[in-house]
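[1] attaching a predicted model along with its sequence, questions to come.
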Amino acid sequence: MRLPDELSERSGLGPQSRLTHFSMANLKDAAHLFRMAAVFAVGFLLFLLVRSVFVPRTFGQHGHYRGAALAEIAAKPAVFAGHGACESCHTDVFEMKSKGVHAQVACESCHGPLAKHADDPTSLQPPRIEVAVLCVRCHEANLAKPKTFPQVVSADHSGGVACDTCHKPHSPKIDTGASQ
């Protein structure tokens, strides 16, 4: 077996030449690694270019959001009037509702956005609510809901009778003694 020193003596290469020859051979063998690094570098630069085109300039201005979105949202007209607007005109309903289990439910959760109605009551009349559809949005039985939340299997509970036949939506507890 020949040692590297013996090979270099026979080939005429000294210790310095041997080091250069060894490094050049390794670089030739590592060329595929340099090509792969170049592919990754080009891919990263391409990613940055595409990101700069598609990500809005104001993205990240307010955390993980687009800063210009705030102005766009503020420019849209208000569609919800708010609970106070309903209470100011519909005091009788507010009085009944405040004593029931729906006291904390906002009016527009069921009746929909009514800012136009609050501004001019004659311009928009809220549509008649179909309680058979509306009530089950919240009260249809679902295992994910807390056990304390009132739930029904609507097909079995009412036998096809509308909810407001037995329950008054603003104060849904069944009270057989007094009218609601």
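    Perfect, thanks for sending it.

[2] from memory M96 sits against H170, does it?
    Yes. If you go by C-beta atoms under 8 Å, M96 and H170 touch, sitting 4.9 Å apart. Bear in mind the C-beta positions are built from the backbone N, C-alpha and C, glycine included.

[3] what about the helix ranked longest in the chain, average pLDDT?
    Using DSSP state H to define each element, the chain has its longest helix at helix 31-54. This predicted structure assigns helix 31-54 an average pLDDT of 94.

[4] still on that earlier bit, which one's more surrounded, M96 and H170?
    When neighbours are counted by other C-beta atoms under 10 Å, H170 comes out ahead of the other of M96 and H170, with 22 against 17.

[5] quick one: contacts for the more buried one?
    Shown here is H170, whose contacts under the criterion C-beta atoms under 8 Å, 6 or more residues apart in numbering are V93, M96, K97, G100, H102, Q180.

[6] what number of residues are in the vicinity of G60?
    Other residues within reach of G60 by the criterion other C-beta under 10 Å amount to 12.

[7] ramachandran coordinates for it?
    Summarising the backbone geometry of G60 under the convention degrees, to the nearest 10, its torsions are phi 90, psi 0.

[8] any idea how far it lies from V105?
    Shown here: G60 relative to V105, a distance of 37 Å by C-beta to C-beta, to the nearest Å.

[9] of the contacts of H170, closest to S154?
    Within the contacts of H170, the smallest distance to S154 is 17.8 Å, found for H102 (C-beta to C-beta).

[10] just the CA trace of stretch 118-137, in PDB.
    In PDB, the C-alpha atoms belonging to stretch 118-137 read as follows (Å, rounded to 0.1, in the frame of the first residue of the first chain):
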ATOM      1  CA  ALA A 118     -83.400  53.800  12.700                       C
ATOM      2  CA  ASP A 119     -82.600  56.900  10.500                       C
ATOM      3  CA  ASP A 120     -86.100  56.900   8.900                       C
ATOM      4  CA  PRO A 121     -88.600  54.300  10.100                       C
ATOM      5  CA  THR A 122     -90.800  54.700   7.000                       C
ATOM      6  CA  SER A 123     -88.000  54.100   4.600                       C
ATOM      7  CA  LEU A 124     -87.500  50.500   5.700                       C
ATOM      8  CA  GLN A 125     -89.900  48.100   7.300                       C
ATOM      9  CA  PRO A 126     -88.200  45.100   8.800                       C
ATOM     10  CA  PRO A 127     -89.500  41.900   7.300                       C
ATOM     11  CA  ARG A 128     -91.600  39.500   9.200                       C
ATOM     12  CA  ILE A 129     -89.300  37.000  10.900                       C
ATOM     13  CA  GLU A 130     -89.900  33.300  10.200                       C
ATOM     14  CA  VAL A 131     -89.400  32.000  13.700                       C
ATOM     15  CA  ALA A 132     -89.200  28.400  12.700                       C
ATOM     16  CA  VAL A 133     -86.000  29.200  10.900                       C
ATOM     17  CA  LEU A 134     -84.700  31.900  13.200                       C
ATOM     18  CA  CYS A 135     -85.000  30.200  16.600                       C
ATOM     19  CA  VAL A 136     -83.300  27.000  15.500                       C
ATOM     20  CA  ARG A 137     -80.200  28.900  14.500                       C
END
